[in-house]
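> the following block contains a protein sequence and its predicted model.
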Amino acid sequence: MPDASLAALLFLGFIILQRLSELVIARSNTKRLLEEGAYEVGASHYPLIVSVHVAWIIALVVLGYDKPVSIPWLMVFAVLQVFRLWILLSMGRRWTTRIIVAKTPLVTKGPFAFVRHPNYLLVALEIFTAPMVLGLFPIAFLFSGFNGAILALRIRVKMRPLRICGRKDLCTI
């Protein structure tokens, strides 16, 4: 059995801790939004999203724990983390991993001024980039395909309440 790479283990540990901390934040924000009268749509496909993300992390750990870390790809990943922070700060207490509809104005600051779904763009880039950091080219392409298919469904589901709301500035997700 090959020896583990310390750099790979640190990178994988970062991804796991980041995702777990985001789930805590998302759960808290979701609970509060629902208590304030918001409602969830698309809950039926949420387990599929979680399954793909868990499988992606497992694939990274099982296949990448002993791989060398590519510094150029790691730098791309680091830039994506700045983008992630920008998104989280822009959404604030409205950021969640679920589709939550509330009667509040859409977020139009930060990356939302430039991209309609910046978090989905970020996740797509991360799902490709993280495996590349570890030289796992097949994992990058395979899970990018899975994620793309899920995002196509998710964006359709997410846009439905916005159309129902009529004025997009009075309804947010």
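Now that the structure is in, tell me what you want to look at.
> now do the SS call for the nearest residue to G135 once chain neighbours are set aside.
Excluding the flanking residues, the one nearest G135 by CB to CB, 6 or more residues apart in numbering is K67, at 5.3 Å. C-betas here are computed from N, CA, C, even on glycine. Look at K67: counting by DSSP: H, G, I helix; E, B strand; the rest coil, its state is coil.
> and the residue sitting nearest the centre point of the chain, what does it touch?
In the chain, the residue lying closest to the centroid (CA atoms, centre = their mean) is V123, at 4.1 Å. Contacts for V123 (CB atoms under 8 Å, 6 or more residues apart in numbering) come out as 147, 151.
> can you confirm it is in a helix?
Yes - counting by three-state DSSP, V123 is part of a helix.
> I'd like the distance between it and Y39.
Look at V123 and Y39: by CB to CB, to the nearest Å, they are 23 Å apart.
> which strands and helices sit next to the helix or strand bottoming out on mean pLDDT in the chain?
Lowest by mean pLDDT, DSSP states H and E among the helices and strands of the chain is helix 137-165, with a mean of 87. Judged by 3 or more CB pairs under 8 Å, 6 or more residues apart in numbering; DSSP states H and E, helix 137-165 is in contact with strand 39-41, helix 46-64, strand 99-101, helix 118-133.
> the ones you listed: which one's closest to G110?
Nearest of the helices and strands packed on helix 137-165 to G110, taken as CB to CB: helix 118-133 at 7.7 Å.
> buried residues, that closest one. List them.
Buried positions in helix 118-133, judged by neighbour count with 16 or more other CB atoms under 10 Å: 118-133.
> flag the shaky bits of the protein, pLDDT-wise.
Counting by pLDDT under 70, the chain shows low-confidence ranges at 1-2, 161-173.
> mind running it again at 90?
The chain contains residues with pLDDT under 90 at 1-4, 102-108, 116-117, 155-173.
> distance check, F11 against V54.
The gap separating F11 from V54 is 18 Å, by CB to CB.
> which of those two has more residues huddled nearby?
Between F11 and V54, F11 has the larger neighbour count (other CB atoms under 10 Å), namely 21 against 11.
> okay, and that one sits in which element?
Assigned by DSSP states H and E, F11 belongs to helix 6-35.
> and that helix, what does it pack onto?
helix 46-64, strand 99-101, helix 118-133.
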